[in-house]
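*Asks:* Here is my input, please return the structure:
(2 chains)
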2 protein chains.
Amino acid sequence: MAGKQPRRAFSGQGGGQDGNKTFLGEPLEVTPMPFNAVMLDTDNMRVTDTSDFTTRLLVTVQQLRREGRSSMWVRVHALNGHLLGVLGTFGFKCHHCEPESVIMNLWLQPGKENKVPPYATHLVGVAGFCQNKKGEVLLVKEGSKNLSGWKLPGGYINPGEEFGAAAVREVEEETGVRSSFEGLLALRHQHQQSFGVDDIYVVTRLQALTDELRLCSSEIQDARWVPLKQFQDEASHPILRTVAELTRGWGQGEGPVRGDIVEREHPSILPGRPPYKLYHAPLPGQ
Amino acid sequence: MAGKQPRRAFSGQGGGQDGNKTFLGEPLEVTPMPFNAVMLDTDNMRVTDTSDFTTRLLVTVQQLRREGRSSMWVRVHALNGHLLGVLGTFGFKCHHCEPESVIMNLWLQPGKENKVPPYATHLVGVAGFCQNKKGEVLLVKEGSKNLSGWKLPGGYINPGEEFGAAAVREVEEETGVRSSFEGLLALRHQHQQSFGVDDIYVVTRLQALTDELRLCSSEIQDARWVPLKQFQDEASHPILRTVAELTRGWGQGEGPVRGDIVEREHPSILPGRPPYKLYHAPLPGQ
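*Replies:* Coordinates of the predicted model:
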């Protein structure tokens, strides 16, 4: 093990003067984690002696079980990838990964329900139902040969991004049109999409701030402004048809807010945490 | 390489009679994937000769680039974990994992934008605002010492599960109360939660089919039915307060649907795909 000096030399024979140590070797150095778990970070190790690592892992797991720890995490850099097999024989499972590391977990309390939260299960996409001052709707045609017809501009949201900000960004990237976020119109929940992942697709309502079309993205073949009446008459995809139905009352005394799911920001009840957004029907009296 | 016999022996010297082959060795066997990608599945290999694998990987990547392939996937079982380092030196990144395997990806067109979709970015939780025939609301108290006060029953949705089905299941698991799904009330979007993952929390409206409380889950310390008026007066968490505000008009001529985001099922426009759910404000005239 290079890059990190153990606090005490490996004691294959004659060690174990501490009641918590065994004659097999020194436990690996772990860091406490929330929910009574611990983390072994191997990113700064270069483990060449697998036999030594295996022995010390055994001692570590035994000690953590005695201490009543809930679970053990191990962060394995790709360069230590050979440890995945060793950890697998102990029952560790891959939980999630980063571009160059895999994070494995072992639940340490076999008699009790495994309470380790799952990793992300959903991808989230957004679309913008974007209207200009004339009430026209912005539609795009994708370059891909697999998809035909006109659709709402949109794409995946970035980690940490709000629905509205993502839709405004995607609309500008694809068409050059700048817009402001007004509310949500609809939400789709789909299952078993790319990589078997579930998918949520959020249709936002945007107000265009500019009219000029500049196709910025290599994904978009064409873009155009369509009169609302034509959009309502020609929408054929279920999502577009639903949006068209939601808009039917507009301009006849009800106004666009009729179909909106409104957004309101609330402060976190936990100190130091950022505020978050709630989406719901307009409140009574609004 | 055991477990899978290559179609032709390694030709370290003198090979390369095929124009697509080099003198270095045989390309690895890959499977075509959508979007012009290919997959190398190492689950049935037991790669012991890393040097041979590295050479053949080089030949494979060169050939795929010549063919204009978009990206190469490699599925690495934990027992072949040492390949992660080899693949890393070629520029492969971990994309996602399963309990015993890591799936890595290499984008093969350096000059073009990487179009490989991201893996899941969000966890999705649901809660049930569940009322019995008397209009009382079901609340639970969690066992964890970190959380105090009463809240709506709920939990994470399982992959493939609908919002409503997940809420009905969680309410029954936690309290023993059976219920039916009526609609959505609110949606929360939070960022940087467990493992840095973003989080969507969906509050559903449920109608209780039974009243009797049976605390089924080890997570729940207590459960009770609270009169709607008391819920409205005492709700302090922003989500509960929002739900309370949404319910204020109820029973005064408007009925519960006033605050609902309705669910409607639509058939997929792609043949053979299952139908999906859309959620939105009630349509005009409904």
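*Asks:* so how far is B:N44 from A:F195?
*Replies:* Distance of A:F195 to B:N44, computed by CB to CB, to the nearest Å: 20 Å. Heads up, the C-betas are built off the backbone N, CA and C, glycines and all.
*Asks:* Give me the more crowded residue out of those two.
*Replies:* Neighbours were counted for A:F195 and for B:N44 using other CB atoms under 10 Å in any protein chain shown; A:F195 has more, 13 against 9.
*Asks:* I'd say the more buried one and B:T121 touch.
*Replies:* No - in this structure, A:F195 sits apart from B:T121 without contact. The criterion is CB atoms under 8 Å, and the distance is 11.9 Å.
*Asks:* and stretch A:48-58, average pLDDT?
*Replies:* In this model, stretch A:48-58 carries a mean pLDDT of 91.
*Asks:* Going by neighbour count, list what's buried in it.
*Replies:* A:52-57 (16 or more other CB atoms under 10 Å in any protein chain shown).
*Asks:* is that stretch anywhere near chain B?
*Replies:* No - against chain B, stretch A:48-58 shows no contacts by CB under 8 Å from any CB of the partner chain, the least distance being 10.0 Å.
*Asks:* distance between that stretch and the chain's centre?
*Replies:* Centre-to-centre, stretch A:48-58 and its host chain are 34 Å apart (CA atoms, centre = their mean, to the nearest Å).
*Asks:* ok, back up a step: what's the closest of the buried residues of stretch A:48-58 to chain B?
*Replies:* Within the buried residues of stretch A:48-58, distances to chain B taken as CB to the nearest CB reach their minimum at A:F53, with 12.7 Å.
*Asks:* Now the closest one. Nearest residue, chain neighbours left out?
*Replies:* Distance criterion CB to CB, 6 or more residues apart in numbering or on different chains; nearest residue to A:F53, sequence neighbours excluded, is A:V47 at 5.0 Å.
*Asks:* give the contact list for that neighbour.
*Replies:* A:V47 makes contacts with A:1, A:53, A:80, A:82-83, as judged by CB atoms under 8 Å, 6 or more residues apart in numbering or on different chains.
*Asks:* again with A:H82
*Replies:* A:47, A:50, B:81-82, B:85.
*Asks:* Among those, which one sits closest to A:L106?
*Replies:* Proximity to A:L106 was ranked across the contacts of A:H82 by CB to CB; first place goes to B:G81, at 15.6 Å.
*Asks:* Report how many residues lie close to the closest one.
*Replies:* Residues lying near B:G81 (other CB under 10 Å) number 24.
*Asks:* For chain A, just list every one of the helices.
*Replies:* With DSSP state H as the criterion, chain A has helices at A:50-66, A:83-89, A:163-175, A:228-234, A:238-246.
*Asks:* does any bit of the third one sit next to chain B?
*Replies:* Same thing as helix A:163-175. Yes - residues of helix A:163-175 contacting chain B under CB under 8 Å from any CB: A:F163.
*Asks:* quick one: average confidence on that helix?
*Replies:* When pLDDT is averaged along helix A:163-175, the result is 95.
*Asks:* Alpha carbons of that helix, in CSV - could you do that?
*Replies:* Backbone C-alpha positions of helix A:163-175 (Å, rounded to 0.1, in the frame of the first residue of the first chain) are rendered in CSV as follows:
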residue,chain,number,x,y,z
PHE,A,163,-37.4,22.9,-14.2
GLY,A,164,-38.0,26.5,-15.4
ALA,A,165,-34.3,27.4,-15.7
ALA,A,166,-33.6,24.1,-17.7
ALA,A,167,-36.5,24.8,-20.1
VAL,A,168,-35.4,28.5,-20.7
ARG,A,169,-31.8,27.2,-21.3
GLU,A,170,-32.8,24.5,-23.7
VAL,A,171,-35.2,26.8,-25.7
GLU,A,172,-32.4,29.3,-26.1
GLU,A,173,-29.8,26.6,-27.0
GLU,A,174,-32.0,25.1,-29.6
THR,A,175,-33.8,28.1,-31.1
